Structure formats: C-alpha cells, structure tokens
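Undergrad: what follows is a protein structure lacking sequence information:
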C-alpha cells in the first residue's frame, strides 16, 4: 500500500503513520503537511528512524494548493485527508480562514484523487457537522451545524458523496468523536489542554459549567477505523466513529485531576469561565452503523486511554515542557 496522509505531522497523522509502519512492513507513506499546527517533531517521536528511511517521505506543502495535491497524490493507493483547521472557536473568530482551509483543501484532495485514480479516500469529519441535536447522534439525523467549523466538515462530507456517486472514487467520511491520546501536545482539545495545565501547575480552565458532554475516543481506535475503512468495500458513506459513551466535562476533569494528583502528588485546581460560542451542550454517537458495516468496535475505555495519555505528557514534561506552555 502507498499512503498519502495530509496533515500527517499532526496528532492523528503521527499515530496513524507509526501504526502503519509497524503493522505493514511493505507499506510506503508520504506525509503532506504545511506545518501550521503540526511539526516533524511529532512524526519523529512517533515513528523514530523510519521518517528518514525509504518507507516514509515528508513533503512540506499546503492542501489549499491544487498543484501540490495533484503532484503528491500521484501513484498513491489511499489518501487519508486529516489536514484541517480544527476547532469551533477558531472558526467562529475567522470563518473565512476556516472555510478556505477545510473546504477548499478537501475539494483539492478529492479532485487530485480522481485525476490520479486513487483507490480509496478517507475524510476526517466531525460530529460538529451534525450540530446541536438530541444524542445519541447517528448518520440519519438531519445535519444542522451551529459553527462554521461544522459547516465546513458537512461540506466535505457532501463532496465525498458527490465524488463517489459521480466518479466512482471510493470515499468514506468518518465523524470522529473527541479524540485524545499520545502526540497531542500541540492540540487545543480539552484532554490535551487539561493535561498541559495540570502538569504545569496551572488551573484547569473549564468553559461553561462543565455539564456539557462529549464522546471521548482514544486515538488507537481512530486509526483502527481508518484502516478498516480503507480495507472495506463501502464507498460514499458517512460513519460515526466514537464510543457511544456520554461523558461530561466535569466527569473528565475529575478523572484527570485524580490521576495527576495520584501520580505526581501535586494538587490540581479547577476554574470555571464563560461558555464558548457555537459550543454544543450534549454530544455522543450511535456507532451501530460502523460496527455493522466496518466491523469497528472501540477497544479502549476512558480510564485506560487517559493513563496512556498522561504517560505521554508526563514524559514530555520531564524532557522539555516549556515548548508546550504557549499552547495552554
């Protein structure tokens, strides 16, 4: 298999590349990243010496550039499009940048895949495309995004459907839950933020009253869903990829507080502040379609995943934690 992973220097991309190199000794991987959020450090740390070997190639380019997309997808068997401007708050502050980064780049990659006869295309979508609807969310509920970020992800899903039904490109859109795990040091996601704050003796900053809920999924389960989607025969479909477990932010912060205090002996304090615009109140997913069609079943419980994530952040804090402080 020859894989192109856009945004491959990011959190999910680094985990996916490391897993592919480990489990498929004949695969070849090309990473396309503009280094706007991710860095080669993540990739080096996850993949070790493989990044400089013959099995992996790192290309600095932007998926908003159609020429770069076409050139770098030539000869690929599969494209995993992870490159995106992630996060609701950033999209609210700058909706045009969010649209250009998320919608145009997705179209460019799909068109490049079509022109180069790529066999499979995975699009990293989000539950934000559905919007603030009564959970558990499934693929049949009418999407009504409440943030520009969600609207951009929904547009990507629409283009994936169109390229499958018009051109026969085997596309699969995966609506990821709230992903967490190792190599997420640069992420602004809530789990990464809480660990950074706790390990730098800062207050854990909770937006709103903490009763809002999310479906937290460990990154290894995400990479499993991606691989199953490429191996499967389905195309033009959308799948919820999560755990079907509703966890409040208060429950999450309590678990992280207890974990850090038990492992380090340091007290962790919590501070509540204003809610974010465009933030959903409740969100967790019905994953029965992914189970039935892809054979997907999450393997990691929240407690196990949080411990592995803590071990990563703890290791980083012992090495050079100062590079994370600006991301808190």
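TA: Great, that's in hand. Source: prediction; values computed, not measured.
Undergrad: list the contacts of residue 16.
TA: 5, 8, 80, 82, 223, 226 (Cβ atoms under 8 Å, 6 or more residues apart in numbering). To be clear about C-beta, it is placed using only N, CA and C from the backbone, and glycine gets the same treatment.
Undergrad: tabulate the residues you listed in TSV, adding columns for distance to residue 233 and neighbour count.
TA: Shown next, in TSV, are those (distance: Cβ to Cβ, whole Å; neighbours: other Cβ atoms under 10 Å):
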residue	distance to residue 233	neighbour count
5	22	29
8	25	28
80	18	29
82	23	26
223	20	22
226	16	25
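Undergrad: for the residue of the chain positioned farthest from its centre, report the pLDDT, please.
TA: Computed with Cα atoms, centre = their mean, the residue of the chain farthest from its C-alpha average is residue 265, at 31.5 Å. Note on residue 265: pLDDT of 95.
Undergrad: low-confidence ranges, the stretch 201-328 of the chain, go.
TA: Along the stretch 201-328 of the chain, the parts satisfying pLDDT under 70 run over 318-328.
Undergrad: where do the strands sit along this protein?
TA: Here the chain has its strands, by DSSP state E, at 2-6, 28-33, 56-60, 78-81, 120-126, 170-176, 178-180, 204-207, 213-214, 216-218, 237-241, 247-248, 270-273.
Undergrad: do you know which of those lies nearest residue 301?
TA: strand 216-218 (8.5 Å; Cβ to Cβ).
Undergrad: please, where are all the helices along the stretch 101-250 of the chain?
TA: Secondary structure of the stretch 101-250 of the chain, counting by DSSP state H, counting those that start in this stretch: helices at 105-115, 148-167, 190-199, 219-231, 249-264.
Undergrad: residue 165 and residue 171 touch, don't they?
TA: No: the pair residue 165 and residue 171 does not pass the contact test of Cβ atoms under 8 Å, sitting 9.4 Å apart.
Undergrad: what is in contact with those two at once?
TA: With Cβ under 8 Å, 6+ apart, residue 165 and residue 171 have common neighbours residue 236.
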